[in-house]
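1. Have a look at this fold, sequence not included:
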């Protein structure tokens, strides 16, 4: 399948990024302009669970998981064929990176689907996540610590003005931690394992050395926790306040709010977590949320994070940003965050004329 072109972007074009993650495969399709601004056209997500059953002793991708992956990628391929995509980039992360049979798996993907897959190193994944964050939050001039919790690993990156100052990836993911500890009810062992990995990794010393001004979380796990806090879960409410306005959202939470969520989740069994999801607190898959919340809570403690901002953009948007940086004649790394900031501010105005004026103002910068 010929899906990649090298022609420069001279007008509005469709671009796609495919992220073959440990838990889910995601495809982002955007319409992009020559200055680097893009608008999401479609998002697709398939719960492939590529890392299910993988552990330190057995790091192979099972035949069942490979089959689910092929089915998902074929569906993505059908979407790409129906649309005139200017350029597509397909990447794989922790599960493929750590698997002992990745060559066999990637050969199967190439032969059965026609996709060439770029297996990212942990550091490269972290860098792309940071680029994605810069498309969502106006933090270009700040020293930013970004934390991205995936199914098989967590990426940490400190960046400023688009440059990576430090990046690393640790084998701590919500899927693998759930498989190893949560399913067996070993929550104390879960915390001890996370602390041990964090302490032995050298992460604490490096983060202290480089320093950071603000912390940003960019994964689905972080967004799920923010959603629960926004809707009152950390305050002990039993039903989500679904009428809360999204425009009042600050997209951030404090350490004590996170700890309250993690403690509540640790007291629940599978039925209790499912009930919390049905009540509207956890919109995404809930079976891995306990491991994710405990992991993030330990990261807050270890790195002395008081508050975390939340980015709805991550790896997929970082891939798009990378494509645009090389393909656009007049690329501006800040254009999307600036657009989002002004558009968000405009929603607070009380008439259509002021909204249009604010949006036009953004377009001139």
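-> Nice, thanks for sending it over. For clarity, every value in this text was computed on a predicted model and none was experimentally measured.
2. tell me which element residue 256 is part of?
-> According to DSSP states H and E, residue 256 maps onto helix 255-266.
3. for that helix, packing partners?
-> Here helix 255-266 touches helix 220-230, helix 289-303, going by 3 or more CB pairs under 8 Å, 6 or more residues apart in numbering; DSSP states H and E. Glycine gets a C-beta too; all of them are placed from N, C-alpha and C.
4. any idea of the mean pLDDT for the first one?
-> Per-region confidence: helix 220-230 scores 91 on mean pLDDT.
5. Likewise for the longest one?
-> Per-residue pLDDT over helix 289-303 has a mean of 96.
6. Helix 255-266 and that one, what's the angle between them?
-> Helix 289-303 runs at 150 degrees relative to helix 255-266, counting by axes from the mean of the first three to the mean of the last three CA atoms, to 10 degrees.
7. Straight-line length of stretch 108-126, end to end?
-> End-to-end distance for stretch 108-126, by CA to CA, to the nearest Å: 27 Å.
8. Quick one: distance of that stretch to the chain centre.
-> Stretch 108-126 sits 17 Å away from the centroid of its parent chain (CA atoms, centre = their mean, to the nearest Å).
9. average pLDDT for that stretch?
-> Mean predicted confidence for stretch 108-126 is 96.
10. again, but for stretch 84-95
-> Stretch 84-95 carries an average pLDDT of 93.
11. buried ones in that stretch?
-> 85-95 (16 or more other CB atoms under 10 Å).
12. can I get those in a markdown table with secondary structure and distance to residue 19?
-> A markdown table is the format used below for the buried residues of stretch 84-95 (DSSP: H, G, I helix; E, B strand; the rest coil; distance: CB to CB, whole Å):
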| residue | secondary structure | distance to residue 19 |
| --- | --- | --- |
| 85 | strand | 16 |
| 86 | strand | 19 |
| 87 | strand | 15 |
| 88 | strand | 12 |
| 89 | strand | 10 |
| 90 | strand | 8 |
| 91 | strand | 6 |
| 92 | strand | 8 |
| 93 | coil | 7 |
| 94 | helix | 11 |
| 95 | helix | 12 |
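13. Pick the one among those residues closest to residue 260.
-> Set against residue 260, the nearest of those by CB to CB is residue 94 (28.8 Å).
14. gap between the closest residue to the closest one other than its chain neighbours and residue 165?
-> In space, and not counting its chain neighbours, residue 94 is closest to residue 152: 3.2 Å by CB to CB, 6 or more residues apart in numbering. Separation of residue 152 from residue 165 (CB to CB, to the nearest Å) stands at 25 Å.
15. can you check residue 297 too?
-> 25 Å.
16. tell me which of the buried residues of stretch 84-95 is nearest to residue 266?
-> Checking the buried residues of stretch 84-95 against residue 266 by CB to CB gives residue 94 as the nearest, at 24.4 Å.
17. Contacts only, for the residue nearest the centre of the chain.
-> The centroid of the chain falls nearest to residue 219 when counting by CA atoms, centre = their mean (3.2 Å). By CB atoms under 8 Å, 6 or more residues apart in numbering, residue 219 lies in contact with 147-150, 314.
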